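Novice: sequence first, then the predicted structure:
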Amino acid sequence: MKRWWPKVLLLLLLYQVQVGAVLLGQAANQPFVRKFEAGYPNYSYFTSIWPSQDGWWGLFTKFDSLGPGEYYYGAEVAVIDSQFNVSTRVSHGDTNRYYFEYPAFNRKTIPDGKGNFWYWMTGYIRSNLTRPLYYGKMDASGHVLFESAIPKTHEADYFYEFLPLPGGGGVFVNTHRGRFAFLTWLNWVDSLGNITHLDSTERINNNYLHGTAFCTYDSIREIIVAPSQDFYFTGFQSFNMRPRISFYSPTGTLLGRKDLTAQLQDNVVGSLHRTDDGGYFGFLMKYILDTTAVYEDHQPGVVKLDSNFDVVWKKYLFPPKLENEAYVFHQSKQGDFFYAGRHDSYPTDSLQHRKWFITKFSRGLDSLWTRIYDLGGDSIHGILQDPTQIQVRDNGDILVLVDNSGYWPPSAMFINYTTLYKLDSLGCLIGNCVIRDTVPDTLWPAPGAGGMLVYPNPSAGEFLMAWDVAAGDVSTLRVWDMTGRALLKQALLREEQPTALDLRGYAPGVYLLEIVSEKGRKFRAKVLVLR
């Protein structure tokens, strides 16, 4: 008689191994939240994370004590495995230097395309009144390949960003010449860190401060697109922010400038990516004077420019508020755009409940969805939730680094740490979520922008629409499928609140919407019905 039970046990064991591997793979692909802390307890954050050969590579900043009342900032390279666990840390920096971080520009490393990583940090040597700006390259193990310093720096100088260019070099952007009368300097470096060109971008006149940041490289036209603004605050009683676009050759030759003051007064413009029609798409940050307080309100939005850098349209995503602030703008390999920032939806400052958001736009600039993330926990204690980096992986997963900082009652102890969120392609923080789970607030159509917002998108067929006409306007809605077959035509009254559209009776797929106002203005959008 044959002994059959060893084979059965072997088959059961193989089955368990296969099931376990499938479950492990599914778990690895699920959204998750990971909290990172380093250095001095409760005061450090993770500034950058990038894929490497065997996992991930990142840079912490850390805050260490030298004794009573003596501290220094350092940096710490973190080698991270494929499951985002920190496996190795390599310290960088020494106690003779302070290392500072400029809070609005938190990304401090970037790959060079050859397995190494550019890094930059703002230092302070206590023996004099200069603040050196150090930059260099590290390999994937954290070994420093070289380090240099930007020349002619002042004690109030900061790094803003680094723009990589073809060939392994790039442009470092920093401020220079004093705390209250600064200019922006652009520093072209080759792949070995040698400075090949300097440019001190011009102010309109000597009464204005001048800042340049959020630069991009247009590989088709082979130009560097460098948004800037001159601004002058008079005791927070008025604004005079004058946005401009400068464009340079890859070697630093100034090719021209475009003044956008008449079209975008008091807006910061940035991260202008080329679109399929030869124009550009990027973010806006509107600064609005709050007449009841001594600070300004912020209103994040997006802008479409044509190939001559003239404004085609603009949209603002939320009503203005102190903590509605966004600077993180990213285009994925698939061509979609992602815009992220802080969001405060509460009506009064005493009730601030900090959140953060992501808005996704298609390659065709349709607003696909907006998610507002209110995760409880630290957020109810006044802790900022400030996205600093977005990456979109090849499988569509979205990685977001969020800086968390603020005072923790009742001890009023300052804390600082970073949270990594891995979201699925629809921005879900839980598996198979629906869009309405994280969109509790209404989007705002842009005043005078000719914009249309449809959300949540995709959905099971229930949508909300807002288009840029006055309340009371009578419009006509038409709906087509992708074959061009007309499915619906109806009159719409534009109300104060978004208008509902029910497509639950239609088959899953993409549908085209067009709204024509009584004055002949047309608004178009695409929606995706899922089941």
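Specialist: That came through, no problem. Numbers count the residues shown, from 1 in each chain.
Novice: please count neighbours and contacts with C-alpha atoms only from this point.
Specialist: OK.
Novice: Pro498 is in contact with Ala466, correct?
Specialist: Yes: contact criterion C-alpha atoms under 8 Å: Ala466 and Pro498 qualify, at 5.0 Å.
Novice: ok, those two, which is more surrounded?
Specialist: More crowded of Ala466 and Pro498, by other C-alpha atoms under 10 Å: Ala466, with 22 against 19.
Novice: wait, is that one part of a helix?
Specialist: No: Ala466: not assigned to a helix; according to DSSP: H, G, I helix; E, B strand; the rest coil it is strand.
Novice: how about the helices in this structure?
Specialist: Per DSSP state H, the chain carries helices over the ranges 5-29, 261-264.
Novice: any idea of the mean pLDDT for the shortest one?
Specialist: On average, the pLDDT along helix 261-264 is 90.
Novice: one more: stretch 424-443?
Specialist: The pLDDT scores in stretch 424-443 average 54.
Novice: again with stretch 153-165
Specialist: 83.
Novice: tell me how far Pro498 lies from Phe357.
Specialist: Between Pro498 and Phe357 the computed distance is 20 Å (C-alpha to C-alpha, to the nearest Å).
Novice: sorry, slip of the keys, the one I care about is Asn194.
Specialist: Taken as C-alpha to C-alpha, the span from Asn194 to Phe357 is 39 Å.
Novice: got the contact list for the most centrally placed residue in the chain?
Specialist: The residue lying closest to the centre of the chain (C-alpha atoms, centre = their mean) is Val328, at 1.7 Å. By C-alpha atoms under 8 Å, 6 or more residues apart in numbering, the contact set of Val328 is Tyr339, Ala340, Gly341, Pro387, Thr388, Gln389, Ile390.
Novice: isn't the fifth one right up against Thr47?
Specialist: Yes: counting by C-alpha under 8 Å, Thr388 does reach Thr47; the two are 7.5 Å apart.
Novice: show me the shaky parts of the stretch 51-200 of the chain.
Specialist: For the stretch 51-200 of the chain, the stretches flagged by pLDDT under 70 are 62-74, 93-107, 124-130, 177-181, 200.
Novice: one step back: now the residue nearest to the centre of the chain, which residues is it bridged with?
Specialist: Ala340 (DSSP bridges).
Novice: count the neighbours of the closest residue to Ser517 other than its chain neighbours for me.
Specialist: Take Ser517 and drop its neighbours on the chain: the residue closest to it by C-alpha to C-alpha, 6 or more residues apart in numbering is Ser475, 4.2 Å away. By other C-alpha under 10 Å, 20 other residues sit near Ser475.
Novice: strands along the stretch 101-250 of the chain, start to end?
Specialist: Along the stretch 101-250 of the chain, the stretches classed as strands by DSSP state E, counting those that start in this stretch are 109-111, 117-125, 133-138, 144-150, 159-164, 170-176, 183-189, 195-200, 209-212, 216-218, 223-231, 242-248.
Novice: which neighbouring elements make contact with the third one?
Specialist: Applying 3 or more C-alpha pairs under 8 Å, 6 or more residues apart in numbering; DSSP states H and E, one finds that strand 133-138 makes contact with strand 117-125, strand 144-150.
Novice: so which of the ones you listed gets nearest Pro320?
Specialist: Nearest of those to Pro320, taken as C-alpha to C-alpha: strand 117-125 at 31.6 Å.
Novice: next, the buried residues of the closest one.
Specialist: Phe117, Trp118, Tyr119, Trp120, Met121, Thr122, Gly123, Tyr124 (16 or more other C-alpha atoms under 10 Å).
Novice: ok, the first one - contacts?
Specialist: The contact partners of Phe117, by C-alpha under 8 Å, 6+ apart, come to Thr109, Ile110, Pro111, Lys137, Met138, Asp139, Ala140.
Novice: one more: the second one?
Specialist: Trp118 is in contact with Thr109, Ile110, Pro111, Asp112, Tyr135, Gly136, Lys137, Met138, counting by C-alpha under 8 Å, 6+ apart.
Novice: I'd like the strands of the stretch 101-250 of the chain laid out as TSV, including distance to Thr370.
Specialist: Shown next, in TSV, are the strands of the stretch 101-250 of the chain (distance: least, C-alpha to C-alpha, whole Å):
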stretch	distance to Thr370
strand 109-111	27
strand 117-125	32
strand 133-138	36
strand 144-150	40
strand 159-164	27
strand 170-176	31
strand 183-189	33
strand 195-200	38
strand 209-212	28
strand 216-218	24
strand 223-231	25
strand 242-248	27
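Novice: closest to Leu401 out of those?
Specialist: Evaluated over the strands of the stretch 101-250 of the chain, closeness to Leu401 peaks at strand 109-111, with 13.4 Å, by C-alpha to C-alpha.
Novice: other SSEs contacting that closest one?
Specialist: Going by 3+ C-alpha pairs under 8 Å, 6+ apart, strand 109-111 lies up against strand 44-51, strand 117-125.
Novice: can I get the ones you listed in CSV with distance to Glu222?
Specialist: Compiled in CSV, the helices and strands packed on strand 109-111 are given as follows (distance: least, C-alpha to C-alpha, whole Å):
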stretch, distance to Glu222
strand 44-51, 26
strand 117-125, 22
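Novice: Val400 is nearest to which of these?
Specialist: When the helices and strands packed on strand 109-111 are compared by C-alpha to C-alpha, strand 44-51 sits nearest Val400, at 9.4 Å.
Novice: next, the angle strand 117-125 makes with that closest one.
Specialist: Relative orientation of strand 44-51 versus strand 117-125 (axes from the mean of the first three to the mean of the last three C-alpha atoms, to 10 degrees): 160 degrees.
Novice: just the C-alpha atoms of strand 44-51, please, in PDB.
Specialist: Extracted C-alpha coordinates of strand 44-51, given in PDB (Å, rounded to 0.1, in the frame of the first residue of the first chain):
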ATOM      1  CA  SER A  44      13.200  65.900  13.300                       C
ATOM      2  CA  TYR A  45      11.800  65.300  10.000                       C
ATOM      3  CA  PHE A  46      12.300  63.300   6.800                       C
ATOM      4  CA  THR A  47      13.000  65.700   3.900                       C
ATOM      5  CA  SER A  48      13.200  63.400   0.900                       C
ATOM      6  CA  ILE A  49      12.600  59.800  -0.200                       C
ATOM      7  CA  TRP A  50      13.700  58.300  -3.500                       C
ATOM      8  CA  PRO A  51      13.700  54.700  -5.000                       C
END
